[in-house]
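> this one's structure only:
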Ligand SMILES: *Cc1c(COP(=O)(O)O)cnc(C)c1O
C-alpha cells in the first residue's frame, strides 16, 4: 500500500494543526450565478440565505451580464467547446489571434500573448526572459503567482519594502552591474487596494536601465481614464515593458490571462514560455467573451462610472459611520480591525446580517493588520449598499467599535 496509515496520520495531523490555529479555509456554497446578491448555503443544517456579495472581484458586474452570456453562447455555437491542443500544435483559432490584437490595442502595448490564467502568465515570464546574470527586484507585497514565477527563474532575486522608492533606488544601485534588471510590482495591491507608484518606478527604471513589470489584475477594465489600468492612471502607458493581467476579475470573471508588452518579449514567450507551450490556452467560449467584454468597455463606460460612484459612496459612508478605513481610490476598501479574532467574528456577524465580506488576518496580511476587506462592484445597487451599511453599523455597535481610532481599537481588542 502506497498510502499507509502513518502517512494518513501525518497529513491529518498537519490539517488539524491548521484548524487549531484558526487558519483552515472553508468554502461557502453559492447556488446561483456570481452576482452582487447571491444565494449561499449556510453551514450545514441552517438553510440558505440571500446575501449582498462584498468579496468578489466582479468589479464591473460582468460575471453574469446578459451581453456576456450572449457572447458565451455565440462563442460556443460558432467555435465549439474545446481545442484539445496547445497553441503551436493545433490549438490556435482566428479568435485567439484577434483577441491578442485587440488586447494590445486596449492596453496600449506592442503585442500580447494569451495564457489560461494570469497565474500561468506570471509563471512563464521570469523563467523565459531572464538568466543567471540578471536580477529581479520585486515589491515585498507582490501576488503569490509572481513569487512562484520568480522561483522558476535562474535570475537573482531581491525585494524592496512595499512602495518604498528610496529602498528600490538603493537596490537598483546595489545591482548596477547586473546584466539585465527588472522592477516587478502589482499595479493595485489586493489587500490594501493601494496603487504602485508607477510614475516614480518608471523614472527609476529609466535612470538605471531597468525593465518594468506590472501585474494589473486588480485594475484592468476600470482604473485610469478609460479603464486601461494603472499605467493609464499615471500616464506612463508607453513606459511599461511587461504587463500581465487576468480575465478572471473585472473582465467577465471566468478565467484566462495574458502578457502584454514589447514585441520581442512576447515573441520570446511564444518560443520559451512553458505554460504556453505545454498547456492549453483559453477555451473558445472565454476567448469570444473576452472580445465582447473589450468591446463593452469601449462602448459602455457607464459600468466603470457606476463602480466609481459606488466606491466613493461606500468609502465615505463607512468612514462616516466610524470605521477605520485604508484610504485610496480603488474599489478594494479594507475596514481595519487589527485583531484577528475580532475580524473573524465580525465577518461571521455580517454574514448573519446578510452581508458576505471576508475577514483577513495573518498570514494573509501582516500580524496585527486584521481587517474586513470589502470590494465594490458596478453591480451593487444603492439599496444593496444601504443594507450593507446598516449591517456594518449594527455589527460595529455590537462590538463597541464605532468611532474608535486605530489606537483605541488596538487598546480595546489587542493586535
Ligand atoms: C488574481 C490575481 C492573479 C491570478 O489571476 P488568475 O487569472 O486567476 O490566475 C495574478 N496576479 C494578481 C495580482 C491577482 O490579483
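Arrived safely. These numbers were taken from a predicted model, which means no experiment stands behind them.
> Within range of the ligand, give me the residues from the stretch 101-250 of the chain.
Contact residues (C-beta under 6 Å from any ligand atom) of the stretch 101-250 of the chain with the ligand: 117, 118, 119, 143, 145, 186, 190, 215, 217, 218, 246, 248. C-beta here means a position set from N, CA and C on the backbone, and glycine is covered the same way.
> How many residues are close by the residue lying closest to residue 396 once chain neighbours are set aside?
In this structure, residue 396 finds its nearest non-sequential neighbour in residue 402, 4.5 Å apart by C-beta to C-beta, 6 or more residues apart in numbering. Applying other C-beta atoms under 10 Å, we find 14 residues neighbouring residue 402.
> now do residue 393
17.
> Next, give phi and psi for it.
Main-chain dihedrals, residue 393, degrees, to the nearest 10: phi -70, psi -40.
> wait, it sits on residue 321?
Yes: with contact defined as C-beta atoms under 8 Å, residue 393 counts as touching residue 321 (5.3 Å).
> looking at this, residue 243 is in a strand?
Yes: according to DSSP: H, G, I helix; E, B strand; the rest coil, residue 243 belongs to a strand.
> list the contacts for it?
Residue 243 sits next to 107, 109, 213, 214, 215, 216, 229, 231, 259, 260, 261 when contact means C-beta atoms under 8 Å, 6 or more residues apart in numbering.
> Let's see that with 6 Å instead.
214, 216, 260, 261 (C-beta atoms under 6 Å, 6 or more residues apart in numbering).
> Closest one of the residues you listed to residue 23?
Using C-beta to C-beta, residue 216 comes nearest to residue 23 of the contacts of residue 243, at 29.4 Å.
> Quick check: that closest one touching residue 229?
Yes: under the criterion of C-beta atoms under 6 Å, residue 216 makes contact with residue 229 at 4.2 Å.
> Need the max-distance pair from the contacts of residue 243.
Counting by C-beta to C-beta, the most remote pair of these is 216 and 261, 11.6 Å apart.
> before we move on, back to that, of the contacts of residue 243, closest to residue 356?
Using C-beta to C-beta, those come closest to residue 356 at residue 216, 25.8 Å.
> Please report the distance of that closest one from residue 374.
Between residue 216 and residue 374 the distance is 21 Å, computed by C-beta to C-beta, to the nearest Å.
> quick one: low-confidence ranges for the protein?
43-46 (pLDDT under 70).
> let's see 90
Applying pLDDT under 90 to the chain flags residues 1, 18, 21-28, 41-49, 362-364, 414-415.
> So what touches stretch 130-145?
Counting by C-beta under 6 Å, 6+ apart, 119, 122, 150, 153-159, 161-162, 171, 175, 178-186, 189, 215 sit against stretch 130-145.
> just the strands in the stretch 301-415 of the chain please.
Here the stretch 301-415 of the chain has its strands, by DSSP state E, counting those that start in this stretch, at 324-325, 332-338, 355-356, 358-360, 370-375.
> for those, which one ends up most surrounded?
strand 370-375 (a mean of 26; mean count of other C-beta atoms under 10 Å).
> how far is that one from where the chain is centred?
14 Å (C-alpha atoms, centre = their mean, to the nearest Å).
> Could you do stretch 338-357 as well?
22 Å.
> now swap in stretch 166-179 and tell me
Centre to centre, stretch against its chain (C-alpha atoms, centre = their mean), the figure for stretch 166-179 is 28 Å.
> Same check on stretch 65-81?
25 Å.
> now swap in stretch 110-122 and tell me
On C-alpha atoms, centre = their mean, the centre of stretch 110-122 falls 14 Å from that of its chain.
> what do you get for stretch 74-90?
Using C-alpha atoms, centre = their mean, the offset of stretch 74-90 from its chain centre is 27 Å.
> And the contacts of that stretch?
Counting by C-beta under 6 Å, 6+ apart, residues outside stretch 74-90 touching it are 91, 93, 280, 281, 284, 285, 288.
> Do a quick rundown of the strands in the stretch 1-150 of the chain.
29-30, 37-41, 48-53, 111-115, 135-139.
> Alright, I will stop here.
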